[in-house]
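Build me a model from this:
(chains A and B)
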Amino acid sequence: MQQVVQPGMQPVATTFFFYFLSGLTLLSGVFVIIRKNPVHSALALIFGLLAQAGLYLMLYAPFVAGVQIILYAGGIMVLFLFVIMLVNIERSQREEQFNKQWVVGLLAAVALGALFVVVYVKGKALFPYRIAQPIESSNTQQIGVMLYGQYMFAFEIASLLLLVAIIGAVVMAKKRI
Amino acid sequence: MAPIGTLHYLVVAAALFILGVIGVLTRRNVVIVLMSIELILNAVNLNLVAFSRLWGLHGQVFAIFVITDAAAEAAVGLGILIAFFRNKETVNVDEVDLLKW
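Prediction:
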């Protein structure tokens, strides 16, 4: 295992931070699917998204971490909380929370777990064990160059998609069209 | 403990994916089903960014597009939920059966 040492700051306590952040992410994922109150689930999901932004920072992706915090935790989850407040959720909390499909859920979880294990064992050559440390000071610039150069078409299509989504959401949520 | 390689992140992403799938399949509240879909998308994003550390920045650009997509999909899904709730006054997935024969 070779380690490429970049000039600048070296990562400290990587093991502790990885297990701490991934434990937080998984724990909040469990709380999302367990809690009866949807506001609790939304708050747990916000927590998990912030912990995942920390994982992105450990993976030398500061721009994606920033986008995750601003867009995902600060935009999408706020939208979820608004809609939870708009929809009268009191009556649904007294009903049965889990449908009767726990067998299907368990089967799907086991099948997916087996699939993941097989893929990760067979595809070990795709992620060699070296620790790569890409340069993170120019990460945003490089992503900008790629977005406006190689992925320009996808960028424009994404903006069109957002326009369509805005129009659709506004029309559907209106009382009288 | 072994030094943290890519496989560790992939296992975390797989566990998040499985949690999201269980949430989609077993919950009755539409809002929580939509939040479990967000969990699935986040697991995929973690996979993309974990691989992009080894194979270049394409994974991170793809992850940004996935986040954009998730925003659009959450907006449309919640708009549908609001429109449905206005008609039927419930957020139960089992009661979305107006087209049932």
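
From now on I want contacts and neighbour counts done on CA atoms only, so please keep to that.
Will do.

and stretch B:31-46, how far out from the chain's middle?
Stretch B:31-46 has its C-alpha centroid displaced from the chain centroid by 2 Å (C-alpha atoms, centre = their mean, to the nearest Å).

now do stretch A:151-165
Worked out by C-alpha atoms, centre = their mean, stretch A:151-165 lies 20 Å from the chain centre.

what about it and chain B, touching?
Yes. Applying C-alpha under 8 Å from any C-alpha of the partner chain, one finds stretch A:151-165 touching chain B at A:155, A:158, A:161, A:162, A:165.

Can you give me the separation between the last one and residue B:42?
Right, residue A:165. 20 Å (C-alpha to C-alpha, to the nearest Å).

More neighbours: the two, which one.
In terms of neighbours (other C-alpha atoms under 10 Å in any protein chain shown), residue B:42 is the more surrounded of residue A:165 and residue B:42; the figures are 25 against 21.

show me where chain B has helices.
Taking DSSP state H, the helices of chain B run over residues B:6-26, B:30-55, B:58-88.

Just the buried ones from the residues of stretch A:151-165 next to chain B?
Buried by 16 or more other C-alpha atoms under 10 Å in any protein chain shown: A:155, A:158, A:162, A:165, out of those.

my guess is the last one contacts residue B:74, does it?
No. Between residue A:165 and residue B:74 no contact is recorded; they are 9.2 Å apart, counting by C-alpha atoms under 8 Å.

Present the buried ones among the residues of stretch A:151-165 next to chain B as JSON lines; the columns should include pLDDT.
Compiled in JSON lines, these are given as follows (pLDDT from 0 to 100):
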{"residue": "A:155", "pLDDT": "95"}
{"residue": "A:158", "pLDDT": "96"}
{"residue": "A:162", "pLDDT": "96"}
{"residue": "A:165", "pLDDT": "94"}
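
Please narrow the residues you listed to those residing in helices.
Per DSSP H, the subset of those in helices is A:155, A:158, A:162, A:165.

Can you tell me which of those residues is closest to residue B:17?
Closest to residue B:17 out of those is residue A:158 (24.2 Å), distances taken as C-alpha to C-alpha.

you'd agree the closest one is up against residue B:71?
No. In this structure, residue A:158 is not within contact of residue B:71 by C-alpha under 8 Å, at 10.9 Å.

so how far is chain A from residue B:90?
7 Å (C-alpha to the nearest C-alpha, to the nearest Å).

Quick one: low-confidence residue ranges for chain B.
Residue ranges of chain B with pLDDT under 70: B:1.

now swap in chain A and tell me
For chain A (pLDDT under 70), the answer is A:1-9, A:88-89, A:91-94, A:129-133, A:177.

so which helix or strand takes in the residue nearest the centre of it?
With distances taken as C-alpha atoms, centre = their mean, residue A:49 lies nearest the centre of chain A, 5.7 Å away. In the assignment (DSSP states H and E), residue A:49 maps to helix A:38-58.
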